[in-house]
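K.L.:
coordinates only, no sequence provided:
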């Protein structure tokens, strides 16, 4: 009997490996191999000239990066960008989810419209936002300048002093529907008996939100913060399309690798440093915040 059970377990294990093998191969080919190859390139001076071999330079690329003021400036900007966009997205998504969790006329239509920023093609949204912020003729610039708060000729998007804030606001607006959707789905699964018992005890709306709603949303908000933090830390497409003057690290890496005199070995070392930093931050966050 035990022999049959052992044979059955081996067959199930073999079947399991056969089922996940395609996924493992795809992940290895599309994720693991590029990461390993990037780490490998970080120890070389990469040549883009056909027939000219790469030159091994050891830790020279890392030394150059860690002593580069431009790297640390971009790193700080990226940390600030990630913090502001994740925090802003969660606060806005939470507020909208709480409103959409209440019954009112036309709620299904409003719920669907809220998702539009997240599902609309990025190029269409960037085009619209660039028009809104257009100097002199842009609707927003006209509005602000009409009340005397800004010169109508100011280019908010292509000005390095303002581009970061425009891109930050854009990212919060575009991605808060994802947070809203995750939080709303959890709100709808909270038992109403909790709130009924709190009302019997005379709890205020703030008390019910603080002691019932927030604890129930803790894991969802924590998970969303982790996901959005990872995505925004590496965010390139939205930021670059909106303004290449935002100064974040992904743009800095792109310019190192492809603009002017390409330094792909240096760019690879920056990417490796970011990978290590992000893994350490994720490990700490998962252990201390999500308590996995």
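P.N.:
In hand now; what should we look at? Being a predicted model, the structure only gives us computed values, none of them experimental. Numbers count the residues shown, from 1 in each chain.
K.L.:
which neighbouring elements make contact with the lengthiest helix in the chain?
P.N.:
Using DSSP state H, we find that the single longest helix of the chain is helix 69-100. For helix 69-100, the packing partners by 3 or more C-beta pairs under 8 Å, 6 or more residues apart in numbering; DSSP states H and E come out as helix 107-114, helix 160-187, helix 214-233, helix 249-258. To be clear about C-beta, it is placed using only N, CA and C from the backbone, and glycine gets the same treatment.
K.L.:
and the angle from that helix to helix 249-258?
P.N.:
Relative orientation of helix 69-100 and helix 249-258, computed by axes from the mean of the first three to the mean of the last three C-alpha atoms, to 10 degrees: 140 degrees.
K.L.:
name all residues that make contact with residue 110.
P.N.:
residue 100 (C-beta atoms under 8 Å, 6 or more residues apart in numbering).
K.L.:
residue 116 versus that one, what's the distance?
P.N.:
With distances taken as C-beta to C-beta, to the nearest Å, residue 110 is found 11 Å from residue 116.
K.L.:
just to revisit the earlier point, could I get the helices and strands packed on helix 69-100 as a markdown table with mean pLDDT?
P.N.:
Shown next, in a markdown table, are these (pLDDT from 0 to 100):
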| stretch | mean pLDDT |
| --- | --- |
| helix 107-114 | 87 |
| helix 160-187 | 90 |
| helix 214-233 | 87 |
| helix 249-258 | 88 |
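K.L.:
of all the ones you listed, which lies closest to residue 281?
P.N.:
Nearest of the helices and strands packed on helix 69-100 to residue 281, taken as C-beta to C-beta: helix 214-233 at 7.9 Å.
K.L.:
can you pull the buried residues of that closest one?
P.N.:
By neighbour count on 16 or more other C-beta atoms under 10 Å, the buried set for helix 214-233 is 217, 220-222, 224-226, 228-233.
K.L.:
and of those residues, the nearest to residue 138?
P.N.:
Of those, the one sitting nearest to residue 138 (C-beta to C-beta) turns out to be residue 232, at 25.7 Å.
K.L.:
doesn't residue 85 make contact with the closest one?
P.N.:
Yes - the pair residue 232 / residue 85 is scored as a contact, 5.0 Å apart, by C-beta atoms under 8 Å.
K.L.:
identify the contacts common to these two.
P.N.:
In contact with both residue 232 and residue 85: 171, 175, using C-beta under 8 Å, 6+ apart.
K.L.:
by contact count, what packs against the lowest-mean-pLDDT helix or strand in the chain?
P.N.:
Lowest by mean pLDDT, DSSP states H and E among the helices and strands of the chain is helix 2-27, with a mean of 72. Counting contacts by 3+ C-beta pairs under 8 Å, 6+ apart, helix 2-27 packs against no other helix or strand.
K.L.:
helix or strand right after it?
P.N.:
On the C-terminal side of helix 2-27, the closest following helix or strand by DSSP states H and E is helix 33-41.
K.L.:
sheet partners, orientation included, of the next helix or strand after that following helix?
P.N.:
Under the assignment DSSP H and E, the closest C-terminal helix or strand after helix 33-41 is strand 44-45. Partners of strand 44-45 in the sheet, by DSSP bridges, are strand 55-56 (antiparallel).
K.L.:
what about the strand it pairs with, average pLDDT?
P.N.:
Strand 55-56 comes out with an average pLDDT of 82.
K.L.:
got it, and stretch 201-210?
P.N.:
83.
K.L.:
where does the stretch 51-200 of the chain dip in pLDDT?
P.N.:
Regions of the stretch 51-200 of the chain meeting the criterion pLDDT under 70 cover residues 149, 152.
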